[in-house]
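*Asks:* Prediction below, plus the sequence it came from.
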Amino acid sequence: MVAFNPAKQRTPFVDFLSSVIGVTENRPGEPAFDGLVILFDSTTTQNVTGIRDGVFAGQIDATYIEDRESFLIRHFGRLLTNLAVLMRTMSDKTRMEAAILPAKNFDSEVFRRFMHLCQSETMAKDFQDRVVPALTAVTKLRGPRRRSKYPTKYFKDERPSCYQYGPEKHSWFETGGEHSSVCTIRGMFRFGVPLEPQRHFNVTNETENVRISGSFRTCHNSSLVASDRTHLNMFSNDFAK
């Protein structure tokens, strides 16, 4: 367990966390942790705002703590229990792929409900009862293209675009320059669960043999305009090329 005291640390929290998980000189490696959980209170909300889909974070009321050790054990216990539930749920290949779809670009109300649950309800007692059906609903967005003679299955959003998790490991998401530690953390973890940072989704038009065009959000919230492309390579953190 690592503690961050904003009153004493001069380093921004996301940069501090980036160094803790093994990023050096903004160059990530394979995630070195089995999970990533964070407890924060109302005074430190701004520290985790940009990475809520990367870490599994729970907000606590730290106004008065009589016994710090028992307080942390109780709250970390709840958070870790719910993370374990999420990890078990994501152990299925299809559910894993559904859970790690690009958060800013996969345009689906069903997916947004799952994302909201795993960002805002991580301390809920009924998290286990809710997360399984929420993620199962996202998997139901997976299927073949309309009127296609090929059986390949994709996750289809409301744009509509098709997302297929590619098996190849041939590149990393970009770091440095306009990218920040937020981009890196979100590229290495999804809700505290380690990702394979060298894998990405292939994004194509929902209609077969039609090229993809449109505006997409990047990992650092700028716009990427795609024009007449066969496909986009898009990572879970929304970096695309």
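*Replies:* Done, it's in.
*Asks:* Please make it C-alpha for all contacts and neighbour counts, starting now.
*Replies:* Noted.
*Asks:* so what's the residue nearest the centre of the chain bridging to?
*Replies:* Geometric centre of the chain, nearest residue: residue 190, 3.3 Å, by CA atoms, centre = their mean. Applying DSSP bridges to residue 190 yields these beta-bridge partners: residue 193.
*Asks:* Just name whatever secondary elements the biggest helix by length in the chain is in contact with.
*Replies:* Counting residues, the longest helix found in the chain (DSSP state H) is helix 68-90. Counting contacts by 3 or more CA pairs under 8 Å, 6 or more residues apart in numbering; DSSP states H and E, helix 68-90 packs against strand 37-40, strand 56-59, helix 93-99, helix 127-139.
*Asks:* nearest to residue 12, of those?
*Replies:* Distance to residue 12, taken as CA to CA, is lowest for strand 37-40 among those, at 14.7 Å.
*Asks:* what does that closest one contact?
*Replies:* Defining contact as CA atoms under 8 Å, 6 or more residues apart in numbering, one finds that strand 37-40 is touched by 55, 56, 57, 58, 59, 60, 76, 79, 80, 192.
*Asks:* is it true that the fifth one touches residue 41?
*Replies:* Yes. Proximity of residue 59 to residue 41 meets the contact threshold set by CA atoms under 8 Å, at 5.3 Å.
*Asks:* Overlap in contacts, those two.
*Replies:* Going by CA under 8 Å, 6+ apart, no residue sits against residue 59 while also sitting against residue 41.
*Asks:* the more surrounded of these two?
*Replies:* residue 59 (18 against 13; other CA atoms under 10 Å).
*Asks:* so who does that one touch?
*Replies:* Counted by CA under 8 Å, 6+ apart, residue 59 has contacts 39, 40, 41, 42, 123.
*Asks:* By neighbour count, which of those residues wins?
*Replies:* Top of the contacts of residue 59 by neighbour count (other CA under 10 Å): residue 123, with 24 neighbours.
*Asks:* which ones are touching that residue?
*Replies:* Per CA under 8 Å, 6+ apart, neighbours of residue 123: 58, 59, 78, 79, 82.
*Asks:* tell me the two of these that are most distant?
*Replies:* 59 and 82 (13.7 Å).
*Asks:* where's the residue located most distally from the centre of the chain relative to residue 72, distance?
*Replies:* Seen from the C-alpha centroid of the chain, the residue lying at the greatest distance (CA atoms, centre = their mean) is residue 66, 34.6 Å away. Taking CA to CA, to the nearest Å as the criterion, residue 66 is separated from residue 72 by 11 Å.
*Asks:* Pull out the buried positions in stretch 47-66.
*Replies:* Within stretch 47-66, the residues that count as buried by 16 or more other CA atoms under 10 Å are 48, 50, 51, 52, 53, 54, 55, 56, 57, 58, 59.
*Asks:* Ends of that stretch, what's the gap?
*Replies:* So stretch 47-66: terminal residues 25 Å apart, CA to CA.
*Asks:* Do you know the pLDDT at the closest residue to residue 65 other than its chain neighbours?
*Replies:* Counting by CA to CA, 6 or more residues apart in numbering, the nearest residue to residue 65 once its immediate chain neighbours are dropped is residue 71, at 7.0 Å. The model reports residue 71 with a pLDDT of 90.
*Asks:* Start at 653, not 1
*Replies:* That works, and once the first residue is 653, the last one we named lands at residue 723.
*Asks:* In JSON lines: the contacts of residue 711, plus pLDDT.
*Replies:* Formatted as JSON lines, the contacts of residue 711 follow (pLDDT from 0 to 100):
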{"residue": "691", "pLDDT": "95"}
{"residue": "692", "pLDDT": "94"}
{"residue": "693", "pLDDT": "92"}
{"residue": "694", "pLDDT": "91"}
{"residue": "775", "pLDDT": "97"}
